[in-house]
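Asker: Kindly return the folded structure for what I paste below:
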Amino acid sequence: MKIIVGLGNPGRTYEKTPHNVGFRSVDLLCASLGGSWRCESKQKADTAKAVSPCGETLLFIKPTTFMNLSGDAVAPLASFFKVRPADVIVLVDDVNLLPGRIRIRPAGSAGGHNGLKSLIERLGSRDFVRVRIGVGMGHHPVANLADRVLGKIEPEDEAAVEDGIRLAAEAALCVAEKGVDFAMNSYNGPETVAR
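Answerer: Coordinates of the predicted model:
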């Protein structure tokens, strides 16, 4: 079994924010495989199961804890299903990548992302796969990063972000079926830093 986690914040207020591209990408992948979401209030998450085209069982998780406590939902489920951190794939927003770009990493630090920080703390490991989805810094400067990631995606970036969401879903499935090295070789292009 592999776990595929989409990071985001619950509620309609946050649906179309840059911080929620992880939710949107995991929704897309889950739907493409015929998965059906269930609210697991005791587990602090929405979950779904599906089987990949190659026969890999996938557990999809969208934490309902808000971003900063994502690990509170993911760690207990990973423990219950005996899934090691290396078999956890996280779809997450990245302001340091241009909209539409993705970047796969097999491990690493939180890089200032509170959702990743929570996962590292609760899983007790940095060794989980990240599929980073570029949302950029935006064209209009804001006072702080929180305002950027919790605001609306700028109209001029919407099409590129949608492409990144789709590409990240494909990449996550590739990681699950063919491994992180194969996926990195297939999907990681030149490192692109946001404007």
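Asker: Report pLDDT for the residue sitting nearest the centre point of the chain.
Answerer: Nearest residue to the geometric centre of the chain (C-alpha atoms, centre = their mean): Leu91, 1.5 Å. Turning to Leu91, the model gives it a pLDDT of 98.
Asker: That one: what's it in contact with?
Answerer: Contacts for Leu91 were tallied using C-beta atoms under 8 Å, 6 or more residues apart in numbering; they are 4-7, 21-22, 25-26, 131, 133, 168-169, 172. C-beta: built from backbone N, CA, C; applies to glycine.
Asker: Which of those residues fall within strands?
Answerer: Ile4, Val5, Gly6, Val131, Ile133 (DSSP state E).
Asker: The last one and Ser79, how far apart?
Answerer: Look at Ile133 and Ser79: by C-beta to C-beta, to the nearest Å, they are 27 Å apart.
Asker: The fourth one now?
Answerer: To Ser79, Val131 is 22 Å away according to C-beta to C-beta.
Asker: Looking at those two, which is more packed in?
Answerer: Val131 (31 against 11; other C-beta atoms under 10 Å).
Asker: which residues does the more buried one contact?
Answerer: Ser25, Ile89, Val90, Leu91, Val92, Ile102, Arg103, Ile104, Ala168, Ala171, Ala172, Val175.
Asker: what's the answer for Leu167, then?
Answerer: So, once contact is read as C-beta under 8 Å, 6+ apart, Leu167 ends up touching Gly100, Ile102, Tyr187.
Asker: Kindly report the same for Lys49.
Answerer: Taking C-beta under 8 Å, 6+ apart, we find Lys49 in contact with Gly35, Thr57, Leu58, Leu59, Phe60.
Asker: Between those residues, identify the one with the most neighbours.
Answerer: When neighbours are counted by other C-beta under 10 Å, Phe60 leads those with 24 neighbours.
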